[in-house]
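K.L.:
model the structure of this input:
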Amino acid sequence: MHLRYALLVTLVGALAFSQPILSVKYLLVTSLYVEGQGVVDREVFSRVFLIALSIPGWQNLSSATLYVDSRKTSFTLERDPQGNIYAYPGDLEYSGSINITLVQEVEVASPPFRRIADLPEVVDVVAPSLSETAKSQFWGCNSSLKKFADVVSLAKSLGSSSASGRDFIINAADWIRRNVKYTSDTRGGVKCPAETLSTLEGACGDLHALFTALLRIKGINSYLAYALVYSPQANLTIREGKWFYQLRGAEPHIFSMVESRGESFPVDLTANTENDPRRLVRGSAVNQLDSLIVLAWIKRGDPNDFLAIPAPTGASKISLAFRVARESLSLGDNVLLLLAVLLAVALALRKEKST
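P.N.:
From the prediction side, this is the model:
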């Protein structure tokens, strides 16, 4: 291949990767209304007002605007200990009531221009720290019927038939899909791995917590991802005590991520376009669909601690609403440049063929 042609192909790939060529634009609206007298502090902002992640080839944050009592308010982008981004205008005191709304526009890349993070040929396996995992009340929990030791035994059994880290991922995913029943659950929360192994059923978070636990026991770096899946008819409403919670236009979703040699890839056992265990990574929803928006990584600790939403101090009534709306299908700003490059490639190939 001539150098000129190679450079053109490289440029095409870079343009496609830097910004979605074809994408769906979504509007994410987060509204927190509080009555009482107190403070909305950093902890509340870090859990409630998450900024959608910009992930090359998957999604890009176009804009984020914060309003306090209908007034546009400046804020800084802060990171939590797990690397997630949230909007923080500073602690806000209130007396009577306060209404805080975050409006985000997110562009989600559409197939066939969507990046596919596939299962690599080699997955790193390091010596696991089982003693540290066992200390965790979540990852090392013991249920009434199954113990953390049973999760370890399952990992060792799967490992005995796996020649590599790559094979272990395939075998663990296949075992869970064959033996653990997926159930829809709106109660919230994630069951610990031993409890899911005990009941052999669970929601997406439960299945992926078990899967991630098996990978960690093996020595494979894995964590959870929290996302919203666009569903225009969805409307989840929960009333409990002074809380009112609503999620409209989307359903919450949790899947697993794996990191190896500086690269990361998803494993989604419950939202997947493939049935072959060897193609579950490629078929994961975040690789294939433009209806999923990643909000956060849950890399450490109990996922329930991350998902729990703290109440503002002094609150007597709290209303928290999330709304997701699909705005439009759009072409990226660089599409004309990309077409020009593709035309140049075609002309170069034609010239080379004629000579």
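K.L.:
wait, a strand at residue 30?
P.N.:
Yes. Using DSSP: H, G, I helix; E, B strand; the rest coil, the assignment for residue 30 is a strand.
K.L.:
who touches the residue lying closest to residue 151 once chain neighbours are set aside in this structure?
P.N.:
Spatial nearest neighbour of residue 151, chain neighbours left out: residue 193 (5.0 Å); criterion: C-beta to C-beta, 6 or more residues apart in numbering. No exception for glycine: its C-beta is placed from N, CA and C like everyone else's. Residue 193 makes contact with 139, 141, 148, 151, 209, 210, 213, 214 under the criterion C-beta atoms under 8 Å, 6 or more residues apart in numbering.
K.L.:
ramachandran angles for residue 193?
P.N.:
phi -50, psi -40 (degrees, to the nearest 10).
K.L.:
and residue 144, by the same measure?
P.N.:
Dihedral angles (degrees, to the nearest 10) for residue 144: phi -70, psi -30.
K.L.:
residue contacts, it?
P.N.:
Applying C-beta under 8 Å, 6+ apart, we find residue 144 in contact with residue 198.
K.L.:
for the stretch 151-300 of the chain, which segments count as strands?
P.N.:
For the stretch 151-300 of the chain, the strands defined by DSSP state E, counting those that start in this stretch occupy 181-182, 201-202, 221-240, 243-260, 263-267, 292-298.
K.L.:
for residue 59, which of those is the nearest?
P.N.:
Set against residue 59 and scored by C-beta to C-beta, these come closest in strand 292-298, at 6.3 Å.
K.L.:
heading C-terminal from the closest one, find the next helix or strand.
P.N.:
Using DSSP states H and E, the helix or strand that follows strand 292-298 in sequence is helix 303-307.
K.L.:
what separates that next one from the chain centre, distance-wise?
P.N.:
Chain-centre distance of helix 303-307: 14 Å, with C-alpha atoms, centre = their mean, to the nearest Å.
K.L.:
out of the contacts of residue 193, what pair is the most spread apart?
P.N.:
The most distant members of the contacts of residue 193, if one measures by C-beta to C-beta, are 141 and 214, lying 14.4 Å apart.
K.L.:
so which of these two has more stuff around it?
P.N.:
residue 214 (28 against 19; other C-beta atoms under 10 Å).
K.L.:
right, and that one touches residue 172 too?
P.N.:
Yes. Residue 214 lies in contact with residue 172 (C-beta atoms under 8 Å); the separation is 4.7 Å.
K.L.:
who touches both of the two?
P.N.:
155, 158.
K.L.:
name the nearest residue to residue 287, ignoring sequence neighbours.
P.N.:
Spatial nearest neighbour of residue 287, excluding adjacent residues (C-beta to C-beta, 6+ apart): residue 116 at 4.7 Å.
K.L.:
that neighbour and residue 279: what is the separation?
P.N.:
Distance, residue 116 to residue 279, using C-beta to C-beta, to the nearest Å: 11 Å.
K.L.:
hang on, residue 250 packs against residue 229?
P.N.:
Yes. Counting by C-beta under 8 Å, residue 250 touches residue 229, with 6.0 Å between them.
K.L.:
low-confidence ranges in this structure?
P.N.:
1-20, 186-187, 329-355 (pLDDT under 70).
K.L.:
tell me how many other residues surround residue 279.
P.N.:
Neighbour count of residue 279, defined by other C-beta under 10 Å: 15.
K.L.:
right, I mislabeled it, should have said residue 269
P.N.:
Around residue 269 there are 21 other residues, counting by other C-beta under 10 Å.
K.L.:
cool, residue 248 as well?
P.N.:
Neighbours of residue 248 (other C-beta under 10 Å): 17.
K.L.:
now it, nearest residue through space, not along the chain?
P.N.:
Spatial nearest neighbour of residue 248, chain neighbours left out: residue 323 (4.7 Å); criterion: C-beta to C-beta, 6+ apart.
K.L.:
for the one you found, give me its contacts.
P.N.:
27, 28, 29, 31, 247, 248, 249.
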